[in-house]
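**Q** Sequence plus the predicted model coming up.
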Amino acid sequence: MDPTELFPWLLGGGTVLTVLFTIFIILCTTLPIFAIFGGIGWYIYKQSQKAKAVQAAAQAWLATQGTILKSRVEVSGGDHTSVSAYVLYEYQVGAQMYQGDRVRPADAIMRIGTSRSAYETVDRYPVGDQVTVYYNPANPAESALER
């Protein structure tokens, strides 16, 4: 349907106004879509920047020995299944005992992986194994198994 038929009082039937009105309608319908996808992209970008910063800071973390308490693959979801590794370990810093479940320092911010990588992670950390645990000297409760 020609927009001039819908809004003859606004456009006055002119071709230039019809083109401008059409452009306006296209912008009103596409800009929100670009804004949504742009916002999602910006969020993912910012999270990846945070993850990189945590990963870089973890290079200065101290090491201690720990023990794997639990190691399993967790599957969740209904129509869309999520598969992830869950590795729980304990370690001691000074006289204090701690527990952690991060394999990589940035796992608390952004964890991306495949079901295959989840199974490989669990295979690398069997229950009872003695492992090196890296911890933040400023906050020993913050730890990871890999830098």
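**A** All right, it came through fine. Numbers count the residues shown, from 1 in each chain.
**Q** Past the lowest-mean-pLDDT helix or strand in the chain, which element shows up next along the chain?
**A** Across the helices and strands of the chain, mean confidence by mean pLDDT, DSSP states H and E is lowest for helix 8-11: a mean of 52. Beyond helix 8-11 in the direction of the C-terminus, DSSP states H and E gives the next helix or strand as helix 15-57.
**Q** After that following helix, which helix or strand is next?
**A** Scanning onward from helix 15-57 (DSSP H and E), the first element met is strand 62-76.
**Q** Could you pull out the buried residues of that following strand?
**A** Buried residues in strand 62-76, counted by 16 or more other Cβ atoms under 10 Å: 64, 66, 68, 71. From N, CA and C alone the C-beta is placed, and that goes for glycine too.
**Q** domain parsing for this structure?
**A** 3-56, 61-144 (automatic domain parsing).
**Q** next one: the last one to chain centre, how far?
**A** In terms of Cα atoms, centre = their mean, to the nearest Å, the centre of domain 61-144 is found 16 Å from the chain centre.
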